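1. Let's see this in three dimensions:
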Amino acid sequence: MSNNIQSTTTLHNGVKMPWLGLGVFKVEDGAEVVNSVKAALEAGYRSIDTAAIYGNEEGVGQAIAESAVPREELFITTKVWNSNQGYEATLAAFDKSMEKLGLDYLDLYLIHWPLPSQGKFVETWKALEQLYKDGRVRAIGVSNFKVHHLEEVIANSEVVPMVNQVEYHPRFNQRELHDFCKKHSIQLEAWSPLMQGGLLDEPALVEIAKKYDKSPAQIIIRWDIQTGVVTIPKSTKPHRIAENADVFDFELSQEDMDKINTLNKDQRMFADPDEFDKV
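-> As a prediction, this is how the structure comes out:
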């Protein structure tokens with residue numbers, strides 16, 4: 001299925017997306033994010049995930065510009081923030097993100113949260129559809145959308161989302177959502193796959209890690225990929241960035257996959273998308 005760091009899944013519109021990427025949530029703009037992205041690219045990563053609200057699009061863009069990796073080999077994602085939902089506001093926010101990133105086109109643009117209290121995500125989605133039709137972005141999707149949010153988008157759209165990026169880790173494996181996404185050919189993508197380090201001392205994962213001579217983090221990342229979930233672990237340390245990518249030289253047995261699946265407790269670390277309304 002995936003045998004190297006640049007292995008890809010194919011989205012329903014034919015665009016290829018790497019199984020593994022670097023997330024830069026809470027990575028400071030300037031030297032920290034520039035160095036993190038450069039370390040990832042040097043380690044072989046080709047997918048970088050940022051967002052307008054992270055405040056580091058300029059640093060991501062600088063790292064890309066200073067890298068020797070050809071633009072066409074990269075897969076760059078950013079997201080429209082809640083305060084910019086709505087058709088015209090989203091188009092303007094996209095232009096601003098592109099200016100900060102210094103890019104001519106984007107690989108994936110996501111609605112960051114459904115923000116149901118505002119009731120604008122369908123209108124926002126229509127702006128993404130327009131950007132897609134205009135060829136300014138190669139793929140469009142959503143983030144933190146539950147099944148009923150996706151159903152509303154699909155019922156009122158011409159383009160089915162290609163990606164849904166959500167909180168996903170062994171304690172919260174979102175089985176129902178994953179099944180729905182598979183049914184509609186929407187690629188599930190995991191943010192906070194390591195539960196912000198909260199799973200690294202989990203005895204079952206420590207035991208499995210010893211068996212494969214890997215770290216618990218590597219076991220989780222491999223579990224993501226074998227489950228068919230794109231994953232974007234965050235780190236600012238070059239050795240950790242490289243370690244997170246060293247997951248393509250082994251395969252978890254079905255028995256070990258099943259053991260990891262039993263860790264699910266439907267336990268969110270972060271806000272429920274039906275309740276999150278921060279703008």
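
2. contacting residues around residue 166?
-> Remark: with contacts taken as C-beta atoms under 8 Å, 6 or more residues apart in numbering, residue 166 is in contact with 143, 144, 145, 174, 177, 188, 189, 190, 191. Quick note: C-beta positions are derived from backbone N, CA and C, even for glycine.

3. any low-confidence regions in the stretch 51-200 of the chain?
-> Low-confidence segments of the stretch 51-200 of the chain, defined by pLDDT under 70, are absent; every residue clears the threshold.

4. Please enumerate the strands of it.
-> All strands of the stretch 51-200 of the chain, identified by DSSP state E, counting those that start in this stretch, fall at 75-80, 106-111, 137-143, 163-167, 187-191.

5. Strand 75-80 and the fourth one, what's the angle between them?
-> For strand 163-167 against strand 75-80, the angle between stretch directions is 70 degrees (axes from the mean of the first three to the mean of the last three C-alpha atoms, to 10 degrees).

6. partner strands of strand 163-167, parallel or antiparallel?
-> Looking at strand 163-167 with DSSP bridges, its paired strands and their directions are strand 137-143 (parallel), strand 187-191 (parallel).

7. one step back: quick one: the strands of the stretch 51-200 of the chain as JSON lines, columns for distance to residue 27 too.
-> Output for the strands of the stretch 51-200 of the chain, formatted as JSON lines (distance: least, C-beta to C-beta, whole Å):
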{"stretch": "strand 75-80", "distance to residue 27": "14"}
{"stretch": "strand 106-111", "distance to residue 27": "18"}
{"stretch": "strand 137-143", "distance to residue 27": "17"}
{"stretch": "strand 163-167", "distance to residue 27": "17"}
{"stretch": "strand 187-191", "distance to residue 27": "13"}
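
8. Relative to residue 42, which of these is closest?
-> Nearest to residue 42 among these is strand 75-80 (16.4 Å), distances taken as C-beta to C-beta.

9. Not counting its own residues, what contacts the closest one?
-> Under the contact criterion C-beta under 8 Å, 6+ apart, strand 75-80 has outside partners 16-18, 21, 46-53, 57, 60, 64, 90, 93-94, 97, 101, 103, 106-112, 124, 128, 143.

10. Could you rerun that using 7 Å?
-> Outside strand 75-80, the residues within contact range by C-beta atoms under 7 Å, 6 or more residues apart in numbering are 17-18, 21, 46-52, 57, 90, 93-94, 97, 101, 103, 106-112, 124, 143.

11. Kindly report the same for stretch 246-255.
-> Taking C-beta under 7 Å, 6+ apart as the criterion, the residues outside stretch 246-255 that touch it are 2-5, 7, 212, 214, 218, 221-223, 225-226.

12. Which positions within that stretch qualify as buried?
-> Counting neighbours by 16 or more other C-beta atoms under 10 Å, one finds that the buried residues in stretch 246-255 are 246, 247, 248, 251, 252.

13. From the centre of the chain, give me the residue that's furthest out.
-> Each residue of the chain has a distance to the centre, and by C-alpha atoms, centre = their mean the biggest one is for residue 211: 28.4 Å.

14. so that residue sits in a helix?
-> Yes. Counting by DSSP: H, G, I helix; E, B strand; the rest coil, residue 211 is found in a helix.

15. Just give the nearest non-adjacent residue to it, would you?
-> Taking C-beta to C-beta, 6 or more residues apart in numbering, and ignoring the residues beside it in sequence, residue 211 has residue 256 as its nearest neighbour in space, at 7.4 Å.
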